[in-house]
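**Student:** give me a 3D structure for the following:
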Amino acid sequence: MKETTGKITFKGNPLTLLGEPIKVGDKAPDFTVVGSDLSPVKLSEYDGKVRVLALYPSIDTGVCQAQNRKFNDEASNLGDAVILSISCDLPFAQNRFCAAEGLDKVITVSDHKDVDFGTKYGYLIKELRLLTRGTIVIDKDGVVKYAEIVPEVTDEPDYESAIKVIKELI
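**Tutor:** Prediction:
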């Protein structure tokens, strides 16, 4: 598997991403993650909808929590777009956070089992076996229209740019 070094940092230290990062214009590959009830969830289950992939390392950090709150808050302004909030956290941790925060518009799913999403999309951090932070927007035809990998993992994503693209697609 291809390694991409130096494109992201964690607290200034370079990290390695595994796989080829997805790009705007690419056909979004299907992937399987684990849902909140431990059942498999596929991207293709949401075919025909605008899909937003909100990617983060761990729900137990402040920046990741803020990212989930922001996308949950914005969801009501994004029509029938589906927001999949993806990390390698166990579904139990994701559920606990969403229940405590009252987040009910993002769909949290976990890539912990097979890291199928992370390796197919180039978002898996080799050294940590966590996903890097970013946002991907996929149109109703399955084409990537926005892809961000946040250069410094501890920074928040560019919400405004992603939301602008989502609104253009809905």
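**Student:** list the helices and strands whichever strand or helix holds Lys164 packs on?
**Tutor:** Assessed by DSSP states H and E, Lys164 sits inside helix 159-169. Judged by 3 or more Cβ pairs under 8 Å, 6 or more residues apart in numbering; DSSP states H and E, helix 159-169 is in contact with helix 62-75, strand 134-138, strand 144-149. The way it works is simple: take the backbone N, C-alpha and C, and place the C-beta from them, glycine included.
**Student:** may I see the buried residues of it?
**Tutor:** The neighbour-count check on helix 159-169 (16 or more other Cβ atoms under 10 Å) flags 159, 162-163, 165-166, 169 as buried.
**Student:** would you pull up how far it lies from the middle of the chain?
**Tutor:** 15 Å (Cα atoms, centre = their mean, to the nearest Å).
**Student:** one more: stretch 158-166?
**Tutor:** The answer for stretch 158-166 is 14 Å, by Cα atoms, centre = their mean.
**Student:** what's that stretch in contact with?
**Tutor:** Residues from elsewhere that reach stretch 158-166 (Cβ atoms under 8 Å, 6 or more residues apart in numbering): 50, 52, 70-71, 74, 77-78, 81, 135, 137, 145-146, 148, 150.
**Student:** now the buried residues of helix 159-169 in a markdown table, with distance to Lys126 and pLDDT?
**Tutor:** Below are these laid out as a markdown table (distance: Cβ to Cβ, whole Å; pLDDT from 0 to 100):
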| residue | distance to Lys126 | pLDDT |
| --- | --- | --- |
| Tyr159 | 27 | 96 |
| Ala162 | 25 | 97 |
| Ile163 | 30 | 96 |
| Val165 | 29 | 97 |
| Ile166 | 30 | 97 |
| Leu169 | 32 | 97 |
